[in-house]
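*Asks:* this one's structure only:
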């Protein structure tokens, strides 16, 4: 075979093999990738961005409310203060908060003050969280405050001088507060905050002259600071606070038209306890102190109690003062009372109890106190410390 024929034969063999291989090889298909169009959110829902106002905002008239609301802010990172200064008006008085309907979060305080033409808080009902204090003060035309009734907050709730307020929101979403102050409102019943379990610093309900009934606070267990209920000329019934078992601060129940303090029946210890009426001597009995074991200072003043025998568990005190209790005839109930021996002295004062003639129940207190200041003035009988020690304790 010539050289030329040899190369031709080789070429033909290679060509035939190549064709045979290609025929058996599967076709290599590359699928096309779908490239989403710009703005396509079919695979993942895009979360709508918040419209943020940075810092504090003070709104002083209706024009400012309208202008601020037109921006549709959802988050305010500072304080929101809505205040009308009638002495220095800069625009029309505030009559509506509806332009603020877009606000969902306030990172600090909400203050509403001296708005005398605003009847409600409609426009604030979309607020979910307020991370600071909530204060409504001196707005004489507010009929209801339901606009903030579903907002979450846990610091200060301060309501004062809302003379037209007819109802108090339930605030069922609130389980804890630092401070609650309810003062100078016109509500007749306080049946609210029934999911509140703790107030860490203070509760003060005072000078609500139309208030007749407190039936709320059914789950409140702990007050970490002071408890004050005072100055209610019409308050006749307190059947709330049924779960209250701990008050770590001072207890002050003063000037309320009600027959008893039974809502304190689970309290065993206290720092200072003051139970008093006004000159009309409202409180008829103190049976609510039946579980009291010890406190630093106990004062009973201007009350109509005929007996303090419910104090049988009371065993330790630094200072006791009973004054102007005209129906009290004896101190029976204090037989187990002794001094707080961690203190250098004890004070026992009994004044102006015109029918009190039997002091024998405090013999143990007088005998066992290493250093006692004992005072009796203008009672039915005024024994001295030596009289008590000598057994001359009643008339």
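*Replies:* Okay, I see it. Quick caveat, the model's predicted, so the values are computed rather than measured.
*Asks:* Buried residues in stretch 143-150, which are they?
*Replies:* 144, 145, 146, 147, 148, 149, 150 (16 or more other CB atoms under 10 Å). Any C-beta I mention is one placed from the backbone N, CA and C, and that applies to glycine too.
*Asks:* To clarify, my last question referred to stretch 188-201.
*Replies:* Buried residues in stretch 188-201 (16+ other CB under 10 Å): 190, 191, 192, 193, 194, 195, 196, 198, 199, 201.
*Asks:* Among those residues, find me the one that's closest to residue 88.
*Replies:* residue 201 (34.2 Å; CB to CB).
*Asks:* Name the nearest residue to that closest one, sequence neighbours excluded.
*Replies:* residue 225 (4.3 Å; CB to CB, 6 or more residues apart in numbering).
*Asks:* Please apply the same query to residue 343.
*Replies:* residue 318 (5.1 Å).
*Asks:* So in that sheet, which strands flank the one helix or strand that neighbour maps to, and in what orientation?
*Replies:* Residue 318 belongs to strand 316-323 when assigned by DSSP states H and E. Strand pairing for strand 316-323, determined by DSSP bridges: strand 294-301 (parallel), strand 338-339 (parallel), strand 346-351 (parallel).
*Asks:* about what we covered before: just to check, the residue nearest to residue 201 is in contact with residue 204?
*Replies:* No - Residue 225 lies out of contact with residue 204 (CB atoms under 8 Å); the separation is 9.8 Å.
*Asks:* what's near enough to touch residue 221?
*Replies:* Residues near residue 221 by CB atoms under 8 Å, 6 or more residues apart in numbering: 197, 198, 243, 244, 245, 246.
*Asks:* Which of the three states applies to the fourth one?
*Replies:* This points to residue 244. The three-state assignment at residue 244 reads coil, by DSSP: H, G, I helix; E, B strand; the rest coil.
*Asks:* Which residue ranges of the stretch 201-350 of the chain form helices?
*Replies:* Counting by DSSP state H, counting those that start in this stretch, no segments of the stretch 201-350 of the chain form helices.
*Asks:* where in the protein is pLDDT low?
*Replies:* Along the chain, segments meeting pLDDT under 70 span 1-48, 279-282.
*Asks:* How far off centre is stretch 154-163?
*Replies:* 10 Å (CA atoms, centre = their mean, to the nearest Å).
*Asks:* for it, which positions count as buried?
*Replies:* So for stretch 154-163, counting by 16+ other CB under 10 Å, buried means 154, 155, 156, 157, 158, 159, 160, 161, 162.
*Asks:* same check, this time on stretch 70-89
*Replies:* Applying 16+ other CB under 10 Å to stretch 70-89 flags 73, 74, 75, 76, 77, 78, 79, 80, 81, 82, 83, 84 as buried.
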